[in-house]
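Colleague: I would like to see how this sequence folds:
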Amino acid sequence: MSTAITALRQEAETVLAGQQDAWAPLAIRLALWVGQEREVRRNEPPLKVASA
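Modeller: The predicted structure is shown next:
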């Protein structure tokens, strides 16, 4: 039983590591984009709505 649990744990670790490797570049790009968006909001004056 413990051999099966160990094998299952190793398989799960391998699958999770592969998913982390696949998503890491996207997560980095997203984090950079969020930082850029915050910087723009901080430096750009708010838009005013024109009334007709």
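Colleague: what helix or strand is Ile5 on?
Modeller: Per DSSP states H and E: Ile5 is located in helix 2-43.
Colleague: now find how far off-centre that helix is within its chain.
Modeller: Its chain's average C-alpha position is 6 Å from that of helix 2-43, according to C-alpha atoms, centre = their mean, to the nearest Å.
Colleague: what's the mean pLDDT across it?
Modeller: When pLDDT is averaged along helix 2-43, the result is 90.
Colleague: for Pro46, which three-state class applies?
Modeller: Look at Pro46: counting by DSSP: H, G, I helix; E, B strand; the rest coil, its state is coil.
Colleague: Ala50 now?
Modeller: Relying on three-state DSSP, one would call Ala50 coil.
Colleague: quick one, phi/psi of it?
Modeller: phi -90, psi 140 (degrees, to the nearest 10).
Colleague: pull the number of nearby residues for Ala31.
Modeller: 10 (other C-beta atoms under 10 Å). No exception for glycine: its C-beta is placed from N, CA and C like everyone else's.
Colleague: what's the spacing between it and Pro25?
Modeller: Separation of Ala31 from Pro25 (C-beta to C-beta, to the nearest Å) stands at 11 Å.
Colleague: could you do Leu32 as well?
Modeller: Applying C-beta to C-beta to Leu32 and Pro25 gives a distance of 11 Å.
Colleague: what does Glu44 give?
Modeller: Distance from Glu44 to Pro25, by C-beta to C-beta: 28 Å.
Colleague: cool, and Gln10?
Modeller: Counting by C-beta to C-beta, the gap from Gln10 to Pro25 is 25 Å.
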